[in-house]
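Trainee: coordinates only, sequence not included:
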């Protein structure tokens, strides 16, 4: 009998330990709390045009701040403000730099777009599992900025704003930089999956498998595959998408990523005006939460 009681107690303690070892992973929103991030992306693109390889390298740097404005029943409402942005591109055609902090000597019209968008907050609503449910304020910012632009440049600037800072672009950018937490509680070593499509900068189907690696680290393996029909990207048709990626996220106490690393290796075909161009893209993006 004593052995039986001891066994029952042991099993009970073990069961309690297993329960405690599970985590219900969720973003935690604390009103007034601010997060400042810096992001750097390195990208190498090879395109085969008329038998010749054309290589493009691109470095994108950005600093931005998020502040929790409101705690919602299933998430939170945060303000998002870009503080600085720079994009450097090098190809056989030369080098181009677009910089929100550029001086008058840099006449690239995109500089105006970057400068206009800095320090202009808009809002994003996020679920506690990392789903973007709403983006508000971008249209008002665009309208206000366009009212200050010379009439001869208005159409060009408007197109650039929509392409670089439109609602869908913003959603897609953050979607690929947020951890998607599972519906149920998980233990270290557990995995869960999600499928994403209709993403602006990844025109295909994205299958992501996350692993709860440790108490504060998540890793993911990503597989890209083509959509059922070719998709449009900046006026061209994209097909034969293939590739893989890895994500690594180190979480803070509120489950926001202190560091998020995204490495991608993609191939696809781009078709426009009767010409098909094979393309490969290798990229690495690191997002760091500043202290």
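Mentor: Cool, got the structure. All of these numbers come straight from a predicted model, not from anything done at the bench. Numbers count the residues shown, from 1 in each chain.
Trainee: residue ranges with poor pLDDT in the stretch 101-250 of the chain?
Mentor: Scanning the stretch 101-250 of the chain for pLDDT under 70 picks out the ranges 105-107, 197-202, 230, 234.
Trainee: Go again with 90.
Mentor: 101-117, 138-179, 194-206, 215, 224-241 (pLDDT under 90).
Trainee: residue boundaries of the strands in it?
Mentor: Assigned by DSSP state E, counting those that start in this stretch, the strands in the stretch 101-250 of the chain fall at 122-127, 132-136, 191-196, 205-214, 217-225, 231-233, 236-251.
Trainee: Give me the contacts around the shortest one.
Mentor: Put plainly, it is strand 231-233. 200, 203-204, 237-239, 270 (C-beta atoms under 8 Å, 6 or more residues apart in numbering). Glycine gets a C-beta too; all of them are placed from N, C-alpha and C.
Trainee: circling back to that earlier point, pipe the strands of the stretch 101-250 of the chain into CSV and attach mean neighbour count per row.
Mentor: Shown next, in CSV, are the strands of the stretch 101-250 of the chain (neighbours: other C-beta atoms under 10 Å):
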stretch, mean neighbour count
strand 122-127, 19
strand 132-136, 14
strand 191-196, 14
strand 205-214, 17
strand 217-225, 17
strand 231-233, 15
strand 236-251, 18
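Trainee: nearest to residue 50, of those strands?
Mentor: With C-beta to C-beta as the measure, strand 236-251 is the member of the strands of the stretch 101-250 of the chain nearest residue 50 (16.4 Å).
Trainee: Show me the strands paired with that closest one, marking each as parallel or antiparallel.
Mentor: strand 217-225 (antiparallel), strand 231-233 (antiparallel), strand 257-272 (antiparallel) (DSSP bridges).
Trainee: Show me which strand runs longest in this protein.
Mentor: In the chain, with assignment by DSSP state E, the single longest strand is strand 52-72.
Trainee: So which bits of the helix or strand immediately after that strand in the chain are buried?
Mentor: Using DSSP states H and E, the helix or strand that follows strand 52-72 towards the C-terminus is strand 75-91. By neighbour count on 16 or more other C-beta atoms under 10 Å, the buried set for strand 75-91 is 75-82, 85-87, 89.
Trainee: any chance of the strands paired with strand 236-251 in TSV, plus distance to residue 103?
Mentor: Below are those laid out as TSV (distance: least, C-beta to C-beta, whole Å):
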stretch	distance to residue 103
strand 217-225	40
strand 231-233	33
strand 257-272	32
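Trainee: who wins for proximity to residue 62 among those?
Mentor: strand 257-272 (13.3 Å).
Trainee: Residue 191: which of the buried residues of strand 75-91 is nearest?
Mentor: Using C-beta to C-beta, residue 75 comes nearest to residue 191 of those, at 23.6 Å.
Trainee: What sits closest to that closest one if chain neighbours are left out?
Mentor: Closest residue to residue 75 apart from its sequence neighbours, by C-beta to C-beta, 6 or more residues apart in numbering: residue 127 at 4.1 Å.
Trainee: so what's residue 35 up against?
Mentor: 65-67, 256, 289.
Trainee: Now restrict the residues you listed to buried residues only.
Mentor: 65-67, 256, 289.
Trainee: What's opposite residue 248 in the beta bridge?
Mentor: The partner residues for residue 248, given DSSP bridges, come to residue 219, residue 261.
Trainee: looking at it, it is touching residue 221, isn't it?
Mentor: No - contact status for residue 248 versus residue 221: not in contact, 10.8 Å apart, counting by C-beta atoms under 8 Å.
Trainee: Residue 45 versus residue 57, what's the distance?
Mentor: To residue 45, residue 57 is 8 Å away according to C-beta to C-beta, to the nearest Å.
Trainee: Looking at the two, which one has more neighbours?
Mentor: Counted by other C-beta atoms under 10 Å, residue 57 and residue 45 do not tie: residue 45 has more neighbours, with 17 against 14.
Trainee: Which residue, other than its chain neighbours, is closest to that one?
Mentor: Computed as C-beta to C-beta, 6+ apart, the closest residue to residue 45 that is not its neighbour in sequence is residue 56, at 4.3 Å.
Trainee: Quick one: neighbours of residue 185, just the number.
Mentor: Using other C-beta under 10 Å, residue 185 has 12 neighbouring residues.
Trainee: Would you mind measuring from it to residue 257?
Mentor: 20 Å.
Trainee: re earlier: residues in contact with the longest strand of the chain: which ones?
Mentor: Counting by C-beta under 8 Å, 6+ apart, 29-48, 76-92, 123-125 sit against strand 52-72.
Trainee: Provide the strand pairings for it, with the direction of each partner.
Mentor: Counting by DSSP bridges, the strands paired with strand 52-72 are strand 34-49 (antiparallel), strand 75-91 (antiparallel).
Trainee: Nice, that's everything, thank you.
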